[in-house]
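Trainee: Provide a 3D model corresponding to the input given below.
(one chain, ligands or ions: 1)
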Amino acid sequence: MLKVKNLKTSYGHIHALKGINLDVEQGEIVTLIGSNGAGKTTTLMSIMGMLKSELGSIVEFEGEDITHCSPSVLVKKGLCLVPEGREVFPKLSVHDNLRLGAFTRKQKAEIKDTYEKVYELFPRLKEREKQMAGTLSGGEQQMLAIGRALMAQPRLLMLDEPSLGLAPNIVQQIFALIKQINEQGTTVLLVEQNAYQALRIADRGYIIETGYGRLSGDAKELRESDEVRRAYLGNV
Ligand code: ATP
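Mentor: A predicted model of the protein is given here:
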């Protein structure tokens, strides 16, 4: 579904990505793991057209070259990114935040259906429909950010550190919801520092280090690998 070949992105003279390769097949959850500054966020932002990648980088989605597409074009093609830090609109209600997620869609009846699906998945958002997003808890804001992305009906949902800063029981809930979203037919590319949880729900994983792909494999294999356990799982 998604093929990334030799992805290179720089911030001025800082070469953040030095040739990342990764594939995501339809229906999978694939996780991207790495230490701080490894290039995970940069990878997602480059795929989503928010950062310009260098000559020779190739990103394909469903067989089409999307390397130079803008984010809004990519949303229409079925890709969506939930950024790190959630970035909900604090002064807008939960419902209005969700509405913004559907900005590329025109069919009112279908949008209404999607609202219902999102509220079914996140009953807590339904209860807080009229509440200002800025007054939600961290976990609820994360749910809203994911819900808002789902309003665009993505076929590939990319999530950047959805568990960041959340209490352990909320982290569990968020991972369970990501799994549920995947089971309902959305392919997921998940960036996480919480490697243990991410590898528990993922089918496959890629480990990146300072802008390079370091290792890749089945989630179970990675979970059991000594190297991964030492470096990323705190030897659990
Ligand atoms: P984290 O888990 O800490 O968010 P990450 O793996 O997502 O890390 P990136 O945010 O992609 O890493 O950063 C990769 C590299 O690019 C780092 O060395 C970082 O300092 C650098 N970088 C990121 N954003 C910028 C920027 N706006 N300007 C300059 N350098 C940047």
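Trainee: next, the residue nearest in space to the middle of the chain: phi, psi?
Mentor: With distances taken as CA atoms, centre = their mean, L159 lies nearest the centre of the chain, 1.5 Å away. Note on L159: its backbone torsions stand at phi -120, psi 130 [degrees, to the nearest 10].
Trainee: show me the contacts for it.
Mentor: L81, V82, I146, I178, V188, L189, L190, V191 (CB atoms under 8 Å, 6 or more residues apart in numbering). Just so you know, the C-beta spots here come from the backbone N, C-alpha and C atoms, and that holds for glycine as well.
Trainee: for the fifth one, which non-adjacent residue is spatially closest?
Mentor: The reference is to V188. I29 (4.4 Å; CB to CB, 6 or more residues apart in numbering).
Trainee: picking that back up, and the residue nearest to the centre of the chain, how far from T42?
Mentor: Taking CB to CB, to the nearest Å as the measure, L159 falls 15 Å from T42.
Trainee: do the same with E28
Mentor: 22 Å.
Trainee: mind checking which of these two has more residues around it?
Mentor: Using other CB atoms under 10 Å, the more surrounded residue of E28 and T42 is T42, with 23 against 19.
Trainee: hmm, who's touching the helix or strand harbouring the more buried one?
Mentor: Using DSSP states H and E, T42 sits in helix 40-47. Residues from elsewhere that reach helix 40-47 (CB under 8 Å, 6+ apart): 2, 4, 7, 9, 16-17, 20, 22, 32-34, 51-53, 57, 59, 79, 81, 84, 158, 160-161, 189, 191, 208.
Trainee: which of the residues you listed count as buried?
Mentor: 2, 4, 7, 9, 16-17, 20, 22, 32-34, 51, 53, 57, 59, 79, 81, 84, 158, 160-161, 189, 191, 208 (16 or more other CB atoms under 10 Å).
Trainee: ok, which of those residues also contact the ligand?
Mentor: A16, G34 (CB under 6 Å from any ligand atom).
Trainee: so the residue nearest to V188 sits against Q180, correct?
Mentor: No: in this structure, I29 is not within contact of Q180 by CB atoms under 8 Å, at 11.1 Å.
Trainee: quick one, which of those two is more surrounded?
Mentor: I29 (25 against 12).
Trainee: ok, the more buried one - contacts?
Mentor: I178, K179, N182, T187, V188, L190, I201, A202, D203 are the contacts of I29 under CB under 8 Å, 6+ apart.
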